[in-house]
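Student: Predicted model and sequence follow; I will ask about them next.
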Amino acid sequence: MSTTTETPETPETTEPPEIPETTEADDQLAVTERTRLRRMRHKGSHRRADLDAVLAAGFLCHLGVTVDGTTMVVPTAYGVDGDRLYLHGSVASRSLVQAPDTTVCVTVTHVDGLVLARSVFEHGVNYRCAMIYGVPEIVTDPEEKLRGLRALTEQSSPGQWEYARQPSRKELAATALLALDLTEASVKTADGPPDDGDSEDAALGLWAGVLPVVTTFGEPVIDPVLPADFAPPAHIAARAGRVVGAGPGAGQGTE
């Protein structure tokens, strides 16, 4: 039975970051031993545009790092600015101070549907997944830290950086921010119906197909200390009902 996403052997915004035009050669990420696609290669990609699309569709990643001799996988927010991925890293930063050349692994996964076949063996998941390797840098330059925190904020909540109060010097000093170059990565995706429609199991007369998985933003919930009639700003109110990180065939009303 295959009911989990295919992890690459390697790696919502209302207006996703624009992806610059590139030639086909420029669009290809370098292939390394860690990012080489070995299993189900037809589902994989080393195109930078595919990586950008997966990253633009989300704002939560999982950071794999060794801390005090123990491997940890930490969920954390991320943001993209050019060729760098920024992420909160208070836990990881402790380990990286002790071992600055430590390689980490960051994954971003979007689940688009459950593939329900005629046999349990053929079940699966439609998904988009990126895996990124590299040695992160602890950001200390105040200007870059501000730029990275802006990317983090705008990745999940476009318009919020300009609306809310921005970090003070004291807050900047207390914030651990990591930067990871987007040079060693791969992408895998799965999309479509079960592939046992022409097998012997088709004679069983069972229903088979895809059960889509869709996450949407709800109506904004006001802080109870505010007046009940305090309306949310337009950049927040407009997101209610929108689909988060929609995949292929999601239709309108998506981000």
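Tutor: Received, thanks.
Student: C-alpha only now, for contacts and for neighbours.
Tutor: Fine.
Student: what ranges do the strands span in the stretch 51-200 of the chain?
Tutor: 60-67, 70-81, 84-88, 104-116, 124-134, 137-138, 177-181, 184-190 (DSSP state E, counting those that start in this stretch).
Student: which one of those has the most crowded surroundings?
Tutor: Among the strands of the stretch 51-200 of the chain, ranked by average contacts under mean count of other C-alpha atoms under 10 Å, first place goes to strand 184-190 (a mean of 26).
Student: Can you spell out which helices and strands pack onto it?
Tutor: For strand 184-190, the elements it packs on are strand 44-45, helix 48-56, strand 124-134, judged by 3 or more C-alpha pairs under 8 Å, 6 or more residues apart in numbering; DSSP states H and E.
Student: gap between residue 184 and residue 164?
Tutor: 34 Å (C-alpha to C-alpha, to the nearest Å).
Student: Residues in a beta bridge with residue 28, which ones?
Tutor: Under the criterion DSSP bridges, residue 28 forms beta bridges with residue 47.
Student: wait, what's in contact with it?
Tutor: For residue 28, the contacting residues are 46, 47, 48, by C-alpha atoms under 8 Å, 6 or more residues apart in numbering.
Student: The first one reaches residue 183, doesn't it?
Tutor: No - Residue 46 is beyond contact range of residue 183, at 10.3 Å (criterion: C-alpha atoms under 8 Å).
Student: who's more crowded, the two?
Tutor: More crowded of residue 46 and residue 183, by other C-alpha atoms under 10 Å: residue 46, with 23 against 16.
Student: which ones are touching that one?
Tutor: Contact analysis of residue 46 by C-alpha under 8 Å, 6+ apart lists 28, 29, 30, 31, 185, 186, 187.
Student: Hmm, residue 182 and the third one touching each other?
Tutor: Looking back up the chat, that one is residue 30. No - counting by C-alpha under 8 Å, residue 30 stays clear of residue 182, with 10.4 Å between them.
Student: could I get the helices and strands packed on strand 184-190 as JSON lines with distance to residue 62 and mean pLDDT?
Tutor: Formatted as JSON lines, the helices and strands packed on strand 184-190 follow (distance: least, C-alpha to C-alpha, whole Å; pLDDT from 0 to 100):
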{"stretch": "strand 44-45", "distance to residue 62": "20", "mean pLDDT": "81"}
{"stretch": "helix 48-56", "distance to residue 62": "12", "mean pLDDT": "96"}
{"stretch": "strand 124-134", "distance to residue 62": "10", "mean pLDDT": "96"}
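Student: For residue 104, which of the ones you listed is the nearest?
Tutor: Nearest to residue 104, of all the helices and strands packed on strand 184-190, is strand 124-134, at 5.7 Å by C-alpha to C-alpha.
Student: who's in contact with stretch 150-157?
Tutor: 12-13, 56, 58-59, 77-81, 86-87, 160-161, 236.
Student: Over to stretch 66-85?
Tutor: Under the criterion C-alpha under 8 Å, 6+ apart, residues 55-56, 59-65, 86-89, 91-92, 94-95, 104, 148-149, 151-155, 179-183 lie in contact with stretch 66-85.
Student: I appreciate the help and will end here.
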